[in-house]
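**Student:** Sequence first, then the predicted structure, then my questions.
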Protein chains: 2
Amino acid sequence: MGRRATTRRIGIADVALKAGVSHATVSRVMNGNFTVDPAIAERVKAAATELNYQPNPVGRSLALGKTDTIGIVVPDLSNPTFQAILRGLSMAAAQDGYRVLIADSSEVSSEEAILAGEARRRCDGLVLCAPRMSDAELEELAPSLHPMVLINRSTMDTKAPSLMVDYGQGIQELAEHLVGLGHTQLAFLAGPERSASNGLRLQGLDKFKAAHPEIDLRMLDAGSSFEAGHESVDSVLASGATGVMAFNDLVAMGLLSGLHERGVRVPEDISVTGFDDIPFSRYTTPTLSTAAVPINELGQQAWHRMRDLIRNVSPDAGNEGPTIFLPRLEVRGSTGPVRAERRAG
Amino acid sequence: MGRRATTRRIGIADVALKAGVSHATVSRVMNGNFTVDPAIAERVKAAATELNYQPNPVGRSLALGKTDTIGIVVPDLSNPTFQAILRGLSMAAAQDGYRVLIADSSEVSSEEAILAGEARRRCDGLVLCAPRMSDAELEELAPSLHPMVLINRSTMDTKAPSLMVDYGQGIQELAEHLVGLGHTQLAFLAGPERSASNGLRLQGLDKFKAAHPEIDLRMLDAGSSFEAGHESVDSVLASGATGVMAFNDLVAMGLLSGLHERGVRVPEDISVTGFDDIPFSRYTTPTLSTAAVPINELGQQAWHRMRDLIRNVSPDAGNEGPTIFLPRLEVRGSTGPVRAERRAG
DNA sequence: GAATAGTGAGAAAGCGTTTTCTCACCGCGT
DNA sequence: ACGCGGTGAGAAAACGCTTTCTCACTATTC
């Protein structure tokens, strides 16, 4: 039973009454069905505007079996990367008249499945952004979430498109860049253990090590935040590295800040790289060399894949397998040639 | 008529059938109604879990007249301030089992009314964040949007709580801070004209001028972005100001970056302040003196007001008028005493 | 002029729930 | 033994829409 303690909101029945037609006809008129006599249609429209009638979306959703809404679940809404994806997704979806419902799992992987399920039931589709859950769990969940698109994660379920960034390739390019500048002692500030993208970076660095046995590459634990970078100053200095690759731009900026406090000059004494190319990285002092991830495009692509999924069941032919985005090396002020005395040393 | 071309999703009827009861009873069990025989309840629960039944939220919403969802419309999702508000709102709402639907007006004020209306109809309430629309339009729209809470804007409609930041007070404190350091030539990099918060800053500076007729305060047009700050370097240098207040932290960071490129030292040659205290402001070089806006609290408060509105019609007694948040002066590295020769000159 | 096709609108079913209404049944008291 | 309050579950209405089904009425054709 409906509530309606207060003054009922104005519904299709009111319009029908005022226009002297059945509510079926009102519905037809509102949906631009042309089997209605123009004169009557006019009368209905007049009544509708006069009563300021707006169809109730919940009723419509129930009848139509769709909500014109998609959900997105992210691990942490305070992360600029996820914010950017959300934004790209939201803007692109809005173009097609869709809204987005957000769910933040706060990095609690056990919450993800529940949030995802709930969001999915309320929406026409779901974007799962860098889920922290295990592969097994993801695999099990995937079918029940369809239509779904994955970001930075993939699944056997071929019905779920997946958008991935090749972090492994990106980190290798950064490493090569540093080597090209003469650095032989490198360090990597690693991100969260559960992060799949951190795993990809590590794999990339393994390849790099294999290709450059002469380079000394240390792995240092950090995290994904400013603070993590800031707190890593000591371990970085202790490592003796002259080229430091941070997990992402945030970590790099924290490190930059910490090094500045210690009076260590960048890039004269130490070169630093980030990852992601968040907007702020152009404005640090010095500006940050990084691997640019086409993040806006990612959100937009996520919507396009989703749209294909919703509209028909046939994605653009040959859409098997994940779409891979290649990071682009962005050389700025935080990397430079290794100092002569150090190179000599 | 419902679609169901594909395999029907499992509904309450299926559970009823399997448990050999009516769907009314299933509903009762699912909602913890204790007027059901424990034995039957057990049977129903078993059937539900076996079929992996999850109630359809759309059907529920229609029957219950509520969606457990609130909407937020923001002018620009790429603005860190709005991102932070969204986050605070989303987290707080999630605590109470509510979700949030987002709408980005892309700073197009004519879109706001439509977006707001659509979002409102889909949700149980609406947060209107720094709307760009005119006072008249807001006033007209307000009643139809109730329950609604406003951020950085207010209305005659007493039913709509409003959360405001006292930008006027904050900018005055920043100006006083600079004066206290010996600066007598100040400049303000103004934000977007349509922004109400920019207006408040200007009003605050008018008061400041009245209180300090001896201080030379120039108004310079900038904007609200990094780029705006970066492009203001020339006009700042031309103004001869030794203390510059930027519209917000982003503009300040752009300016910092531009000054650094020119070899102008901060704070030795010029002091710079921001506004907002976005996370990045702790990590610029030098760290940024700013007026801290309790942004997370803002989003959370927005939810609490909304919750009061939704739950009953009686907000905590004496909740008339807007809630005002006072920015807190945050002195960091970008401001310092005016140079001796300049003070002398 | 009558049969037929065509047009347009109302009646009603359906979407998936919740909740009121109704009633069968059980046990209790007199 | 009969009635009565209480309990618990099914029938059905309601939420607000869309769409199929049906049918009345008009226009067309031989």
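**Tutor:** Right, received. Where do you want to start?

**Student:** Please make it C-alpha for all contacts and neighbour counts, starting now.
**Tutor:** Noted.

**Student:** and the spatially most central residue of chain A, what is it in contact with?
**Tutor:** The structure's chain A has its C-alpha centroid closest to residue A:85; by C-alpha atoms, centre = their mean the separation is 3.5 Å. For residue A:85, the contact set (C-alpha atoms under 8 Å, 6 or more residues apart in numbering or on different chains) comprises A:295-296, A:298-300.

**Student:** Closest to residue A:22 out of those?
**Tutor:** residue A:300 (42.2 Å; C-alpha to C-alpha).

**Student:** Number of residues surrounding the closest one?
**Tutor:** Neighbour count for residue A:300, taken as other C-alpha atoms under 10 Å in any protein chain shown: 20.

**Student:** Likewise for residue A:102?
**Tutor:** Using other C-alpha under 10 Å, residue A:102 is surrounded by 24 other residues.

**Student:** Now do the nearest residue to it once chain neighbours are set aside, the pLDDT please.
**Tutor:** Leaving aside its chain neighbours, residue A:102 sits nearest to residue A:72 (5.2 Å; criterion: C-alpha to C-alpha, 6 or more residues apart in numbering or on different chains). We have a pLDDT of 98 for residue A:72.

**Student:** what helix or strand is residue A:72 on?
**Tutor:** strand A:69-74 (DSSP states H and E).

**Student:** got it, and residue A:173?
**Tutor:** Residue A:173 is located in helix A:167-180, with elements delineated by DSSP H and E.

**Student:** now that helix: mean pLDDT?
**Tutor:** On average, helix A:167-180 scores 98.

**Student:** which parts of it are buried?
**Tutor:** A:167-175, A:177-179 (16 or more other C-alpha atoms under 10 Å in any protein chain shown).

**Student:** Please report the distance of residue A:61 from residue B:195.
**Tutor:** Using C-alpha to C-alpha, to the nearest Å, one obtains 36 Å as the distance from residue A:61 to residue B:195.

**Student:** sorry, back to before: tell me the one of the buried residues of helix A:167-180 nearest DNA strand D?
**Tutor:** Taking C-alpha to the nearest atom of the strand as the measure, DNA strand D lies nearest residue A:167 of these, at 44.6 Å.

**Student:** from what I can see the closest one touches residue A:200, true?
**Tutor:** Yes. Using C-alpha atoms under 8 Å, residue A:167 is in contact with residue A:200, at 5.7 Å.

**Student:** Show me the strands in chain A, by range?
**Tutor:** Ranges of strands in chain A, per DSSP state E, are A:69-74, A:99-104, A:125-129, A:148-151, A:162-165, A:185-190, A:216-221, A:243-246, A:271-273, A:290-292, A:323-325, A:328-330.

**Student:** Make CSV out of the ones you listed and add distance to residue A:311.
**Tutor:** Listed next are the strands of chain A as CSV, based on distance: least, C-alpha to C-alpha, whole Å:
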stretch, distance to residue A:311
strand A:69-74, 13
strand A:99-104, 16
strand A:125-129, 11
strand A:148-151, 13
strand A:162-165, 18
strand A:185-190, 41
strand A:216-221, 45
strand A:243-246, 41
strand A:271-273, 42
strand A:290-292, 32
strand A:323-325, 20
strand A:328-330, 33
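
**Student:** Flag every residue of the stretch 201-345 of chain A that's near chain B.
**Tutor:** Residues of the stretch 201-345 of chain A found near chain B (C-alpha under 8 Å from any C-alpha of the partner chain) are A:226, A:253-254, A:257, A:260, A:283-285.

**Student:** Of those, which is the most crowded?
**Tutor:** Greatest neighbour count in those, by other C-alpha under 10 Å, goes to residue A:253: 32 neighbours.

**Student:** How about that one, nearest residue that isn't a chain neighbour?
**Tutor:** In this structure, residue A:253 finds its nearest non-sequential neighbour in residue A:226, 6.4 Å apart by C-alpha to C-alpha, 6+ apart.

**Student:** what's the answer for residue A:34, then?
**Tutor:** residue A:28 (7.8 Å).

**Student:** Likewise for residue A:193?
**Tutor:** residue A:199 (7.7 Å).

**Student:** Next, count neighbours for residue A:311.
**Tutor:** Based on other C-alpha under 10 Å, the number of other residues close to residue A:311 is 9.

**Student:** any idea how far it is from residue A:250?
**Tutor:** On the measure of C-alpha to C-alpha, residue A:311 and residue A:250 end up 38 Å apart.

**Student:** quick one: the helices in chain A?
**Tutor:** With helices called from DSSP state H, chain A shows them at A:12-19, A:23-30, A:38-51, A:57-64, A:80-95, A:109-122, A:135-145, A:167-180, A:196-211, A:226-230, A:233-239, A:249-262, A:295-311, A:340-344.

**Student:** In JSON lines: the ones you listed, plus distance to DNA strand C.
**Tutor:** As requested, these are exported to JSON lines (distance: least, C-alpha to the nearest atom of the strand, whole Å):
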{"stretch": "helix A:12-19", "distance to DNA strand C": "8"}
{"stretch": "helix A:23-30", "distance to DNA strand C": "5"}
{"stretch": "helix A:38-51", "distance to DNA strand C": "5"}
{"stretch": "helix A:57-64", "distance to DNA strand C": "3"}
{"stretch": "helix A:80-95", "distance to DNA strand C": "25"}
{"stretch": "helix A:109-122", "distance to DNA strand C": "10"}
{"stretch": "helix A:135-145", "distance to DNA strand C": "15"}
{"stretch": "helix A:167-180", "distance to DNA strand C": "41"}
{"stretch": "helix A:196-211", "distance to DNA strand C": "35"}
{"stretch": "helix A:226-230", "distance to DNA strand C": "45"}
{"stretch": "helix A:233-239", "distance to DNA strand C": "55"}
{"stretch": "helix A:249-262", "distance to DNA strand C": "44"}
{"stretch": "helix A:295-311", "distance to DNA strand C": "17"}
{"stretch": "helix A:340-344", "distance to DNA strand C": "69"}
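
**Student:** out of those helices, deepest packed?
**Tutor:** Using mean count of other C-alpha atoms under 10 Å in any protein chain shown, the stretch among the helices of chain A with the greatest mean number of neighbours is helix A:249-262 (a mean of 25).

**Student:** quick one, it and strand A:185-190 angle?
**Tutor:** 120 degrees (axes from the mean of the first three to the mean of the last three C-alpha atoms, to 10 degrees).

**Student:** what about helix A:249-262, distance to the chain center?
**Tutor:** Distance of helix A:249-262 from its chain centroid, counting by C-alpha atoms, centre = their mean, to the nearest Å, is 25 Å.

**Student:** and what of stretch A:48-62?
**Tutor:** Once both centres are worked out by C-alpha atoms, centre = their mean, stretch A:48-62 turns out to sit 34 Å from its chain's centre.

**Student:** cool, stretch A:67-80 as well?
**Tutor:** 8 Å.

**Student:** Kindly check the end-to-end length of it for me.
**Tutor:** Stretch A:67-80: ends 28 Å apart by C-alpha to C-alpha.

**Student:** and it, which residues are buried?
**Tutor:** In stretch A:67-80, counting by 16+ other C-alpha under 10 Å, buried: A:67-78, A:80.

**Student:** Also stretch A:264-277?
**Tutor:** Buried residues in stretch A:264-277, counted by 16+ other C-alpha under 10 Å: A:266-267, A:269-277.

**Student:** Could you work out the most separated pair of those residues?
**Tutor:** Within those, two members stand farthest from each other by C-alpha to C-alpha: A:269 and A:276, at 23.6 Å.

**Student:** give me the number of residues near whatever residue of chain A ends up closest to chain B?
**Tutor:** Residue nearest to chain B within chain A (C-alpha to the nearest C-alpha): residue A:101, separated by 4.4 Å. By the criterion of other C-alpha under 10 Å, residue A:101 has 24 neighbours.

**Student:** and it, what does it touch?
**Tutor:** Residues near residue A:101 by C-alpha under 8 Å, 6+ apart: A:69-72, A:119, A:123, B:99-102.

**Student:** what's the answer for residue A:149, then?
**Tutor:** With C-alpha under 8 Å, 6+ apart, residue A:149 has these contacts: A:126-128, A:160-163, A:302, A:305-306.
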